[in-house]
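J.: Here is a sequence together with a model predicted from it:
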Amino acid sequence: MPSTAHPETQLPSALLRFMQAYLRFSIDDLTSALKEHELTMPQLAALQFLRAEGPRSVSAIADHLNLSSTATSHAVELLVGKELVSREEDPRDRRRKSVTLSPTGAQLLTELHRRAATTLNELLANLPEDERDALERAVGDAVNTLEAATAAGLPWPTREARSS
């Protein structure tokens with residue numbers, strides 16, 4: 001029977017332990033992929049952000065990544081040079097530039113997600129099928145709830161909220 005001493009910490013603790021195991025198992029492939037494509041972690045994070053959120057300004061990317069505008073501008077410039085993103089005038093404000101994930105950038109993320117899925121499948125291969133199915137359902141339900149909350153306009157926790 002599970003302990004009920006601190007029920008509010010049990011689920012996050014289990015999820016964190018799972019995430020740590022996955023990161024330990026996948027870090028070699030991730031660093032190899034970054035090296036193959038000559039990308040830094042902030043550049044990858046910028047690509048992921050643009051995929052999730054759509055076109056954004058350099059300042060919005062900087063805010064999301066918690067980087068300076070200068071560092072983010074440099075990262076974006078390198079991504080433009082690799083044709084992973086494009087930068088265009090914002091039609092609503094010609095002084096602003098909008099950064100958009102390019103088809104090449106989207107293709108790269110698809111490849112990296114495929115590699116991550118392979119790594120995850122390898123990690124979970126030793127679990128009995130019923131446990132894998134239960135994990136898939138539980139995580140799927142949690143993601144659906146988070147997506148529904150986002151669609152309803154509830155904000156994701158901010159960096160400030162997490163640090164208080």
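T.: Good, I have the coordinates. Numbers count the residues shown, from 1 in each chain.

J.: From here on, just use CA atoms for contacts and neighbour counts.
T.: OK.

J.: Centroid-nearest residue for this structure?
T.: Gln48 (5.4 Å; CA atoms, centre = their mean).

J.: Pretty sure that residue sits against Leu108.
T.: No: with contact defined as CA atoms under 8 Å, Gln48 does not count as touching Leu108 (10.4 Å).

J.: residues touching the residue nearest to the centre of the chain, list them.
T.: Leu109 (CA atoms under 8 Å, 6 or more residues apart in numbering).

J.: and if you look at Leu124?
T.: Arg132.

J.: Now with 6 Å, please.
T.: Applying CA atoms under 6 Å, 6 or more residues apart in numbering to Leu124 gives no contacts.

J.: quick revisit: what strand or helix carries the residue nearest to the centre of the chain?
T.: Assigned by DSSP states H and E, Gln48 belongs to helix 41-53.

J.: Buried ones in whichever helix or strand Leu146 is part of, by neighbour count?
T.: Assigned by DSSP H and E, Leu146 belongs to helix 129-151. By neighbour count with 16 or more other CA atoms under 10 Å, helix 129-151 contains no buried residues.

J.: I'd like the distance from it to the chain centre, please.
T.: 17 Å (CA atoms, centre = their mean, to the nearest Å).

J.: For Pro91, give me phi and psi.
T.: Backbone geometry at Pro91, expressed as degrees, to the nearest 10, gives phi -60, psi -20.
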